[in-house]
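1. Just need the structure, nothing else, for what follows:
(one chain, ligands or ions: 5)
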Amino acid sequence: MKYTWVMFACILLVSSCQSIKTTQKANLTEPAQPEFLISGIVLDVTNTPIAGAVVRIRATEKFTMTDKDGEFTLTDLQPGKPVFLTAWAEGYFIGGGDEKIVVGSTGIEIILEKIKDSDNPAYQWVSAFAEAGSDLNCENCHAEVDKQILSMPFTEWSNDAHSASAQNIRFLTMYLGQDIQGNQSPQREYAINRDYGRIPILPDLTKPYFGPGYKLDFPETAGNCSACHVPVAAINAPYDTDPTTATGVGVEGVACDFCHKVWDIRLDPMTGLPQHNMPGVLSFEFRRPDKNRQFFAGPFDDVPLGDDTYTPIQQQSQFCAPCHFGSFWNTQIYNSYGEWLESSYSDPVTGKTCQDCHMPVGENDHFAGLDKGGVIRDPRKIFSHLMPGASNIDLLQNAVTMTASAKIETDKLIVDVQITNDKTGHHVPTDSPLRQMILLVNVADENGQPINMLDGETVPEWGGVGDPNLGYYASLPGKGFAKILSELWTELEPTGSYWNPTRVVGDNRIAANESNRSMYIFSVPLDGKARIKVSLLFRRAFKELADQKGWVVPDILMEQQILNIER
Ligand code: HEC
Ligand code: HEC
Ligand code: HEC
Ligand code: HEC
Ligand code: HEC
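-> Ligands and ions are numbered 1, 2, ... in the order given. This next block holds a predicted model:
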């Protein structure tokens with residue numbers, strides 16, 4: 001009995017509190033209760049008020065904006081509670097947060113320091129690794145392997161392809177024209193054409209050949225590869241940085257300090273795409289600080305450590321555009337950004353950003369060690385740095401939906417396969433034109449003996465000519481999905497040497513929200529029983545190229561369906 005009374009009193013209390021709130025909102029002339037408030041002003045270092053600054057109780061959703069006089073009032077707070085207040089305005093470092101402020105305080109002053117409006121090319125990059133011996137190394141605070149927490153930015157980045165981009169053996173062997181043992185193909189040879197002058201000719205495959213290479217075709221220049229693959233090294237010399245000469249933080253590939261020094265992205269306002277011939281570092285605007293100063297841009301406006309600021313670009317797909325879009329000799333080579341932009345995923349309301357899919361939230365409730373100044377935050381605001389891609393089985397098994405069906409019509413067994421790109425925000429496969437999907441439709445009788453296909457597509461030659469048990473699938477029932485480049489003059493196709501002029505001779509990759517349907521007709525086994533296995537594989541590089549280079553990367557099974565049919 002007593003218990004019910006207490007409950008009742010609580011309900012009364014809550015409803016009366018709520019009514020106070022509503023009358024307060026309705027009657028604007030009545031001053032808000034001071035014990036529920038914090039008020040004050042945001043100023044710059046010259047004591048000029050800053051309008052439009054975000055004032056927030058650190059690591060909460062409770063915030064307000066300063067008015068035209070730089071003044072703010074945070075309302076509906078818990079009386080007497082000490083809180084940390086932070087402030088941020090566009091073009092300023094995040095400020096405040098030095099001491100706890102008790103709810104009920106007025107006249108609070110938060111001073112913001114302006115970010116210098118220029119970039120310092122002489123900046124010395126900070127290594128991510130603690131072993132580099134500086135207090136600033138990200139690993140010192142953004143890793144907690146000792147506490148068995150693997151979802152911190154440093155640990156995730158170390159396991160992501162971005163951290164290894166300068167050392168990726170496939171990239172380097174492609175650049176140098178070598179195989180993974182270091183054997184090098186001969187330099188490119190040329191013929192004289194009456195009309196066009198010097199033209200490249202096909203390599204002589206009767207001599208040892210270890211695949212193409214930028215350096216075989218352009219021994220005198222460094223190329224633009226580093227502008228995306230080795231950006232720290234290339235930033236001050238985008239067209240003149242040989243990736244194999246990178247040292248120091250340059251070797252850290254797409255490094256932490258690099259991504260968090262980005263101030264803005266320069267895109268063509270007409271197309272929304274990076275400008276022509278401005279790959280990687282050329283399309284970013286940086287804010288590298290002067291000596292003895294730091295600068296970190298991130299997605300939070302309440303990190304009051306002095307050197308941090310919020311930039312909205314970090315949460316937009318545009319951030320990824322300079323490196324995930326690139327043309328060579330006017331042929332579009334990399335284009336995950338352009339494909340995304342053209343798809344419904346780029347709708348600002350109903351769409352999804354690159355970060356939404358490749359940096360999913362929710363793994364952790366802090367991103368800096370709690371003994372290093374980190375605070376507990378809402379996990380839905382903390383983004384993963386794993387950035388899964390071409391080697392992530394989970395991602396690839398959640399990229400498309402495949403449905404296969406089979407029926408027997410008199411003496412024909414018909415297999416119908418539909419592949420829908422329903423979960424990927426761009427084409428599948430995307431970006432590197434070395435990637436493929438291979439569909440295999442295998443029909444066997446009760447004893448496992450393969451049944452001949454009467455009509456239907458087959459895997460193209462680039463699926464590999466040889467033993468199917470070793471992954472050479474050319475001419476088997478099925479299909480290949482890829483963007484096929486043909487090298488001008490030599491007509492070598494598919495080619496991966498897109499540093500030479502190439503043209504796209506075929507592209508049947510599946511765009512976002514699109515489907516591909518294919519049919520295969522087989523004869524019917526004598527006893528009318530058949531087992532149908534439909535498999536969709538992801539392959540990182542064309543078989544012949546992988547063999548020349550010695551790259552060993554197993555195919556990833558994206559989808560598979562097994563059907564048993566009986567007449
Ligand atoms: C390829 C660029 C890139 C690299 C490399 C990178 N970051 Fe980030 N980082 C981002 C982006 C983009 C976000 C924001 C994502 C969002 O808000 O949608 C982010 C967010 C963060 C945040 C805020 C907390 C969170 O995880 O959301 C921290 C801290 C951070 N990064 C630190 C690091 C550190 C430390 C490294 C290296 C160990 C690193 N980053 C490497 C792009 C990068
Ligand atoms: C516009 C930026 C950009 C430029 C310029 C660029 N790349 Fe890439 N490259 C990328 C991106 C992004 C990926 C990853 C794409 C993916 O995973 O599909 C990549 C992937 C690759 C891969 C595949 C690596 C693997 O592990 O499968 C190779 C090889 C490669 N690039 C070679 C080169 C060479 C050689 C050059 C210079 C001639 C070059 N790239 C220039 C952005 C670029
Ligand atoms: C001495 C410890 C320490 C080191 C070293 C450190 N950070 Fe941080 N960093 C922090 C703390 C603490 C936060 C804020 C945590 C919070 O508020 O939850 C932070 C926040 C950030 C943010 C988010 C900024 C924002 O406003 O969104 C980024 C980005 C970042 N760090 C990048 C880096 C990078 C890159 C490095 C290495 C070059 C690095 N940090 C080194 C302690 C450190
Ligand atoms: C709706 C989710 C989604 C969005 C949005 C999305 N991706 Fe992806 N991404 C995927 C999936 C699933 C895959 C694996 C299938 C594939 O390779 O196409 C993938 C693969 C990739 C790969 C690896 C390709 C390879 O073969 O190595 C890169 C690079 C990539 N995405 C970059 C981006 C960029 C850049 C953006 C934004 C412009 C973006 N993605 C937006 C889901 C998404
Ligand atoms: C400075 C250039 C640069 C920026 C900025 C950049 N990337 Fe990348 N990204 C690369 C390169 C280079 C690779 C290829 C690395 C490799 O495989 O060696 C890559 C690879 C990837 C992959 C494939 C990873 C894998 O395991 O195969 C994904 C996914 C990806 N990037 C997504 C993103 C997203 C999302 C953003 C924006 C938040 C982004 N990238 C920003 C250069 C960049």
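2. nearest spatial neighbour of residue 360, skipping sequence neighbours?
-> Leaving aside its sequence neighbours, residue 360 sits nearest to residue 384 (Cβ to Cβ, 6 or more residues apart in numbering; 5.4 Å). In this view, the C-beta of every residue, glycine as well, is placed from N, C-alpha and C.
3. Can you verify my assumption that the one you found contacts residue 357?
-> No - using Cβ atoms under 8 Å, residue 384 makes no contact with residue 357, being 10.6 Å away.
4. so where's the chain uncertain?
-> 1-32 (pLDDT under 70).
5. now do 90
-> Residue ranges of the chain with pLDDT under 90: 1-35, 193-199, 205, 410, 446, 526-528, 567.
6. Spell out which parts of the stretch 201-350 of the chain neighbour ligand 3.
-> 256-257, 260, 296, 298-300, 303, 305, 308, 310 (Cβ under 6 Å from any ligand atom).
7. Just the buried ones from the residues you listed, in ChimeraX syntax?
-> Of those, the buried ones can be selected in ChimeraX as follows, counting by 16 or more other Cβ atoms under 10 Å:
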select :256,257,260,296,298,299,300,303,308,310
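8. which one among the residues of the stretch 201-350 of the chain next to ligand 3 gets closest to residue 516?
-> Residue 516 has its nearest neighbour among those in residue 299, at 36.6 Å by Cβ to Cβ.
9. if I look at that closest one, how far off is residue 43?
-> Remark: distance between residue 299 and residue 43 (Cβ to Cβ, to the nearest Å) = 25 Å.
10. Next: residue 209.
-> Distance, residue 209 to residue 43, by Cβ to Cβ: 68 Å.
11. cool, and residue 225?
-> 47 Å.
12. how about the helix or strand where residue 297 lies, does it get close to ligand 5?
-> Residue 297 belongs to strand 296-298 when assigned by DSSP states H and E. No - against ligand 5, strand 296-298 shows no contacts by Cβ under 6 Å from any ligand atom, the least distance being 12.3 Å.
13. Would you mind measuring the gap between the ends of stretch 73-84?
-> Stretch 73-84 has an end-to-end distance of 15 Å (Cα to Cα, to the nearest Å).
14. Kindly report the same for stretch 193-211.
-> Taking Cα to Cα, stretch 193-211 runs 25 Å from one end to the other.
15. Buried ones in that stretch, by neighbour count?
-> Of the residues in stretch 193-211, 200, 203, 209-211 count as buried by neighbour count, 16+ other Cβ under 10 Å.
16. So what's the gap between that stretch and the chain middle?
-> Mean-position distance between stretch 193-211 and its chain equals 37 Å (Cα atoms, centre = their mean, to the nearest Å).
17. can you tell if it touches ligand 2?
-> No - counting by Cβ under 6 Å from any ligand atom, no contacts exist between stretch 193-211 and ligand 2, the nearest distance being 10.1 Å.
18. Just list whatever residues bridge to the closest residue to ligand 3 within the chain.
-> Residue nearest to ligand 3 within the chain: residue 298 (2.1 Å; Cβ to the nearest ligand atom). Beta-bridge partners for residue 298, by DSSP bridges, are residue 310.
19. can you pull the contacts of the residue lying closest to residue 98 once chain neighbours are set aside?
-> Nearest residue to residue 98 in three dimensions, chain neighbours excluded: residue 304, at 7.3 Å (Cβ to Cβ, 6+ apart). Residue 304 is in contact with 58, 84, 86, 94-98, counting by Cβ atoms under 8 Å, 6 or more residues apart in numbering.
20. give me that answer again for 10 Å
-> 56, 58, 84-88, 93-98, 110, 373 (Cβ atoms under 10 Å, 6 or more residues apart in numbering).
21. same deal with residue 402?
-> 417-420, 439, 516, 534-536, 558-561.
22. For residue 425, see how far away it is.
-> 19 Å.
23. Residue 438 contacts residue 464, doesn't it?
-> Yes - using Cβ atoms under 10 Å, residue 438 makes contact with residue 464 at a distance of 9.1 Å.
24. Pick out whichever of the two has more residues nearby.
-> Using other Cβ atoms under 10 Å, the more surrounded residue of residue 438 and residue 464 is residue 438, with 26 against 22.
25. Now do the buried residues in the helix or strand hosting the more buried one.
-> When elements are assigned from DSSP H and E, residue 438 belongs to strand 436-444. Neighbour counts using 16+ other Cβ under 10 Å place 436-443 of strand 436-444 among the buried residues.
26. quick revisit: between the buried residues of stretch 193-211, which sits nearest ligand 4?
-> For those, the nearest to ligand 4 is residue 211 (18.9 Å; Cβ to the nearest ligand atom).
27. got the contact list for that closest one?
-> Counting by Cβ under 10 Å, 6+ apart, residue 211 has contacts 173-174, 176-179, 183-185, 203, 496-497, 541, 544-551.
28. secondary structure class for it?
-> When classified by DSSP: H, G, I helix; E, B strand; the rest coil, residue 211 comes out as coil.
29. Give me the three-state assignment for the closest residue to it other than its chain neighbours.
-> Setting aside the residues directly before and after it, residue 211 is nearest to residue 548 in space (Cβ to Cβ, 6+ apart), at 3.6 Å. Under the three-state scheme (three-state DSSP), the conformation of residue 548 reads as helix.
30. what about residue 551, neighbour count?
-> Neighbours of residue 551 using other Cβ under 10 Å come to 18.
31. Please identify which helix or strand holds it.
-> According to DSSP H and E, residue 551 maps onto no helix or strand at all.
32. show me what contacts it?
-> For residue 551, the contacting residues are 169-170, 173-174, 179-180, 211, 434, 540-541, 545, by Cβ under 10 Å, 6+ apart.
33. Distance-wise, check it relative to residue 502.
-> 21 Å.
34. ok, whichever strand or helix holds residue 563: who's next to it in the sheet?
-> Secondary structure assigned from DSSP H and E places residue 563 in strand 556-566. When sheet partners are counted by DSSP bridges, strand 556-566 sits next to strand 529-539 (antiparallel).
35. Name the residues of the partner strand that come out as buried.
-> 530-532, 534-539.
36. What are the boundaries of the helices in the chain?
-> With DSSP state H, the ranges of helices along the chain come out as 2-26, 153-158, 169-176, 214-217, 226-229, 231-234, 256-259, 336-342, 354-358, 393-396, 543-549.
37. nearest residue to the closest residue to ligand 1 within the stretch 451-567 of the chain other than its sequence neighbours?
-> Going by Cβ to the nearest ligand atom, ligand 1 is nearest to residue 512 of the stretch 451-567 of the chain, at 19.6 Å. Excluding the flanking residues, the one nearest residue 512 by Cβ to Cβ, 6+ apart is residue 343, at 3.7 Å.
38. thought that neighbour was touching residue 354?
-> No - the criterion here is Cβ under 10 Å, and residue 343 misses it with residue 354 at 11.8 Å.
39. Now restrict the contacts of residue 551 to buried residues only.
-> By 16+ other Cβ under 10 Å, the contacts of residue 551 give 170, 173-174, 179, 211, 434, 540-541, 545 as buried.
40. domains of this protein?
-> Split into domains by automatic domain parsing, the chain comes to 31-112, 124-163+254-383, 166-251, 393-566.
41. Perfect, that will be all.
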